[in-house]
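Undergrad: Turn this into a model:
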Amino acid sequence: MKSRIKGAVAALRRGIELGMTHIDTAEMYGDAELVIAEAIAGQRDKLFLVSKVLPSNASRRGTIAACERSLRRLKIDCLDCYLLHWRGSYPLADTVAAFEELKRAGKIRSWGVSNFDTDDLDEILDVAGKGKIACNQVLYHLNERAIEHAVIPWCERHGVAVVAYSPFGHNDFSTPRQVALSFLVRETIVFAIPKAAQAEHAAENAAGGNLTLSDSEIAALDAAFPRGPKRRGLPML
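TA: This is a model prediction of the structure:
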C-alpha cells in the first residue's frame, strides 16, 4: 500500500513538473484526495483542481457538506471546479443552488457535471441558465466515441468544455498513448485526463501535448476506430 501511494505521489509531481496541472479527483475515489494533498503541497497556485460530489450526497445541504469535506482532505481553501459525478435522485435545482452558494462563498470557482447525456444537459441548462456549466466529464477513447454523435456538438453550441475520462479505455488498442490523446483533443473544447500510476506514465502522457496529428493521420485513425452508429444511452464507468 505504501509503495503504491508513494508511486502515485511521484506520478502526480512528475506530471506537474511537465505542465499537466489539471488534477481530477472525487469523494468516491477512496483516499485519493489525501494522496493529492501530499503531492501538491506548496504548489496550489499553479494547479487546476477538480473534485466531484456523489449523487447520493447531492442535495443542497449535502453538496455543500461534501465539498467542505473534500477541501479539508485536499488541504485547500477553494476548488477550481466541482462536479456532480452523475445524475441521481435529488432535483438538479437543489444541486445547482448548492454549487452557486459554494461559488459565492469562494469555495469553488466553477462547477460542472459528469456522465450527462444531452437530455440531462438540456435540463440542467434550463435550471442554471446560460454560461454556468463549465464542463461535462464523460467517457471517451478510441474504442468508445459515442459522445461525438450528440454530446460534443451540444457542448460546442453551449460553450461547455468536454473532459474525456479513461482516454485509454482498457488499453485494448495498440495505438501509442500520445497518438490516442492527440486524436481525442483534436477539437478545441475537448480536454483529456489520463490516469498515471507511475512517474514514467505521467511523462508518456505529457508527451501527447507535443503531438499534432495531420488531417491524413486523423482520417486514418477515424477509419481504424470508427465511431459507429449512435446508441441509446450514454456509456460510462
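Undergrad: Just the helices from this structure, written as ranges.
TA: 2-17, 32-40, 60-74, 92-104, 118-128, 151-158, 177-184, 199-207, 215-224 (DSSP state H).
Undergrad: how about those, which one is nearest Ser166?
TA: helix 177-184 (10.7 Å; CB to CB). Every C-beta, even on glycine, is put in place using the N, C-alpha and C of the backbone.
Undergrad: who's in contact with the closest one?
TA: With contact meaning CB atoms under 8 Å, 6 or more residues apart in numbering, helix 177-184 is reached by 140-142, 164, 167-168, 173, 175, 190, 192, 194, 204-205, 207-213, 217-218, 221.
Undergrad: next one: stretch 193-202
TA: 4, 7-8, 10-15, 18, 20, 22, 24, 137, 163-168, 177, 181, 204-205, 208.
Undergrad: where does this structure have low pLDDT?
TA: In the predicted model, the chain carries pLDDT under 70 at residues 1.
Undergrad: switch to 80 and redo it
TA: Along the chain, segments meeting pLDDT under 80 span 1-3, 171-173.
Undergrad: quick one on the thing from earlier: highest average neighbour count across the helices of the chain?
TA: helix 177-184 (a mean of 21; mean count of other CB atoms under 10 Å).
Undergrad: now that one, how far from the centre of its chain.
TA: 16 Å (CA atoms, centre = their mean, to the nearest Å).
Undergrad: still on that earlier bit, for the helices of the chain, give me CSV that also has distance to Ser110.
TA: Shown next, in CSV, are these (distance: least, CB to CB, whole Å):
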stretch, distance to Ser110
helix 2-17, 21
helix 32-40, 19
helix 60-74, 13
helix 92-104, 7
helix 118-128, 12
helix 151-158, 15
helix 177-184, 22
helix 199-207, 24
helix 215-224, 30
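Undergrad: wait, what's in contact with the nearest residue to Ile124 once chain neighbours are set aside?
TA: Among residues not flanking Ile124 along the chain, Leu92 sits closest, at 5.0 Å (CB to CB, 6 or more residues apart in numbering). In this structure, Leu92 makes contact with Glu123, Ile124, Val127, judged by CB under 8 Å, 6+ apart.
Undergrad: Compute the first-to-last residue distance for stretch 129-149.
TA: 24 Å (CA to CA, to the nearest Å).
Undergrad: Actually, stretch 38-52.
TA: 19 Å.
Undergrad: list the buried ones in it?
TA: Using 16 or more other CB atoms under 10 Å as the test for burial, stretch 38-52 gives Ala39, Ile40, Leu47, Leu49, Val50, Ser51, Lys52.
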